[in-house]
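In: Predicted structure and sequence below. I'll ask about it afterward.
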Amino acid sequence: MQPLVGLIMGSKSDWPTMEHAANMLDKLGVAYETRVVSAHRTPDLLFDYAKTASERGLKVIIAGAGGAAHLPGMVASQTSLPVLGVPVQSKALNGLDSLLSIVQMPGGIAVGTLAIGKAGATNAGLLAAQIVGTFNDDVRKAVDEFRKNQTQSVLDNPDPQEQ
Ligand code: RP5
């Protein structure tokens with residue numbers, strides 16, 4: 001299947017976080033590709049990836065990075081596709097550094113910034129699916145179904161002390 005979402009990250013060490021985005025895309029039936037693309041270690045690859053993303057058929061890019069997390073902003077500077085940034089929880093500063101690096105884009109180049117860590121990666125997958133769902137009925141129905149089941153599961157388990 002033609003990938004519609006580019007799921008990239010600054011390092012292999014980001015995968016335990018970013019796999020949660022992949023899991024959500026799998027669950028919702030969205031085709032994606034995964035790549036390590038580092039703003040600092042492979043800047044030429046970053047430019048090439050971002051510049052060719054649209055012509056290769058991608059519709060959304062999810063970019064996860066930690067620490068001096070320039071990847072989402074730099075990718076956004078080279079493509080008009082929507083870019084969703086996931087701040088990876090860094091060891092030194094618990095991801096606050098990643099969050100501030102990604103969220104504080106200057107006006108004019110947009111990055112949609114998610115929460116730090118697993119929740120952010122999960123929601124990046126969900127939001128990417130919602131974007132794809134604007135033109136793909138199967139994916140839109142899968143998102144609706146996911147949300148319906150989530151609501152039902154809360155309603156079916158009202159007692160917090162019950163296992
Ligand atoms: C960032 O530096 C990566 O996104 C990663 O979160 C962080 C540390 O990378 P490694 O030193 O573990 O490769 O570019």
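Out: Nice, thanks for sending it over.
In: Show the contacting residues for the residue nearest to Leu4 when sequence neighbours are not counted.
Out: Among residues not flanking Leu4 along the chain, Lys59 sits closest, at 4.8 Å (CB to CB, 6 or more residues apart in numbering). Yep, even glycine has a C-beta here, placed from its N, CA and C like the rest. Lys59 is in contact with 4-5, 81-82, 131-132, 135, counting by CB atoms under 8 Å, 6 or more residues apart in numbering.
In: Buried only: go through the residues you listed for me.
Out: 4-5, 81-82, 131-132 (16 or more other CB atoms under 10 Å).
In: Buried residues, the longest helix along the chain. List them.
Out: Counting by DSSP state H, the longest helix found in the chain is helix 137-156. Buried residues in helix 137-156, counted by 16+ other CB under 10 Å: 139-140, 142-143.
In: Show me the two of those residues that sit farthest apart.
Out: The span of the buried residues of helix 137-156, defined through CB to CB, is set by Arg140 and Ala142 at 7.3 Å.
In: which residues are common contacts for those two?
Out: Gly133.
In: Endpoint to endpoint, stretch 70-87 covers what distance?
Out: One end of stretch 70-87 sits 10 Å from the other (CA to CA, to the nearest Å).
In: now stretch 95-113
Out: 13 Å.
In: Contact partners for Leu114?
Out: Taking CB under 8 Å, 6+ apart, one finds 84-87, 120-121, 123-124, 127 in contact with Leu114.
In: residues in the chain within reach of the ligand, list them.
Out: Contacts of the chain with the ligand, taken as CB under 6 Å from any ligand atom, map to 9-11, 13-14, 38, 40, 65-67, 88.
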